[in-house]
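Student: kindly generate the corresponding structure for this input.
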Amino acid sequence: MSKGFLMFAHNNDEIDYLKLATVNANLIKENCDIHDITVVTNKASYDYTTSQLGEEFVNKAINNIVFVEKDKNFKYANQRLFKDTSHTIKPLPFYNLDRCNAYDISPYEETIMIDADYLILSDALNSCWGHNNELMMNWKYDDIMYEREDDSLKRLHPTGITMYWATVVYFKKTEFTKQFFETVKHVKDNSRYYQDLYKWPGSLYRNDYSFSVAAHMLGGFEDKAIPQLPVPSLYKTFDTDDVHSAPAKNELIFYLEQPKSLGDFMVCRWRHLDIHVMNKWAINRISEELLGHINKCVKRNHHNLETT
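Tutor: Numbering: from 1, shown residues only. Just a heads-up that it's a prediction; the model follows:
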């Protein structure tokens, strides 16, 4: 069966999502040895990112780029607060809402769809390929700052259904998964009705909400009916945290904001585990370091092949 990774990367006025996806594509190739990578973007994002990184570099990292129109209707209706630690907060549009189209867009029989900022620092997701389950995503997540607890991230409402994270979704091309993504589209298109029904908070639409509602509906209205990924957890840092550096391949040094002393940070060393880094600016700041380590590994592997 054909298999590959899928990411969605629409830039906004400040954050270069396609650059994030390009960096992550290199991490996927190095750590998972998967070279079929599809990224969904728009022409304006592509033109900007390739002007910064070079067209050859982007196309070498991503072997299948799909162009779609950016959903500009959400420019003002779906503004969210982006944080570069608690010291910098900016309201910006969030365009990456077309993940409901993943089934239609993916050219693979088996797909792992990930956020562009879910950094692949291991081969853990390779355990998904050939799995008996046709659809898997996680409701379990762990903040690596263990003292932080946010119950609002566990359920859509305190008395409502469990929230699944659309950060990582594995699916096969089957009738069930096709119906699942059609249901996600339906929930997105009728989000006001489903928000009233499932009581999720605020005015911001999130992919997590529509995926959670679809999981509940397609799971026979049972909680946690869709199986989780065969990984220990989805690890994450918040956008109030920062990344100091990438000192080695698959290694990051984080500044984690202390929950009882906002604006103060604890240093954390993170190695060989995939992680969702919510501070997008922080990833872009250390992207050259990440790519430098990958390039060294590629050159070393080529040298070893030539000498054997």
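Student: what pLDDT, on average, does stretch 20-28 get?
Tutor: Stretch 20-28 carries an average pLDDT of 96.
Student: kindly report the same for stretch 233-249.
Tutor: 94.
Student: and that stretch, which residues are buried?
Tutor: Along stretch 233-249, these residues count as buried under the neighbour rule (16 or more other Cβ atoms under 10 Å): 234-244, 246, 249. (C-beta placed from N, C-alpha, C; glycine too.)
Student: do the same with stretch 108-127
Tutor: By neighbour count on 16+ other Cβ under 10 Å, the buried set for stretch 108-127 is 108, 110-122, 124-125.
Student: what about Asn295, how many residues nearby?
Tutor: 12 (other Cβ atoms under 10 Å).
Student: ok, Tyr48 next?
Tutor: When neighbours are counted by other Cβ under 10 Å, Tyr48 comes out with 14.
Student: low-confidence ranges, the stretch 51-200 of the chain, go.
Tutor: Across the stretch 51-200 of the chain, the ranges flagged by pLDDT under 70 are 71-77.
Student: how about the strands in it?
Tutor: Under the criterion DSSP state E, counting those that start in this stretch, the stretch 51-200 of the chain carries strands at the ranges 64-67, 79-83, 89-93, 110-114, 118-119, 135-138, 141-143, 165-172.
Student: output the contacting helices and strands for the second one.
Tutor: What that stands for is strand 79-83. strand 89-93 (3 or more Cβ pairs under 8 Å, 6 or more residues apart in numbering; DSSP states H and E).
Student: buried set for the strand it packs on?
Tutor: Pro93.
Student: do stretch 33-41 as well
Tutor: Buried residues in stretch 33-41 (16+ other Cβ under 10 Å): 34, 36-41.
Student: reformat the residues you listed as a markdown table; add distance to Thr162 and pLDDT.
Tutor: Listed next are those as a markdown table, based on distance: Cβ to Cβ, whole Å; pLDDT from 0 to 100:
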| residue | distance to Thr162 | pLDDT |
| --- | --- | --- |
| Ile34 | 29 | 96 |
| Asp36 | 32 | 97 |
| Ile37 | 30 | 98 |
| Thr38 | 29 | 98 |
| Val39 | 29 | 98 |
| Val40 | 27 | 97 |
| Thr41 | 31 | 96 |
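Student: and for Glu149, the neighbour number?
Tutor: Neighbour tally, Glu149, other Cβ under 10 Å: 9.
Student: tell me how far it lies from Thr159.
Tutor: With the distance defined as Cβ to Cβ, to the nearest Å, Glu149 ends up 18 Å from Thr159.
Student: from Val187, how far off is Val277?
Tutor: In terms of Cβ to Cβ, Val277 sits 27 Å off from Val187.
Student: from Leu135, how far out is the most centrally placed residue in the chain?
Tutor: For the chain, the residue nearest the mean C-alpha position is Asp115 (1.4 Å; Cα atoms, centre = their mean). Look at Asp115 and Leu135: by Cβ to Cβ, they are 17 Å apart.
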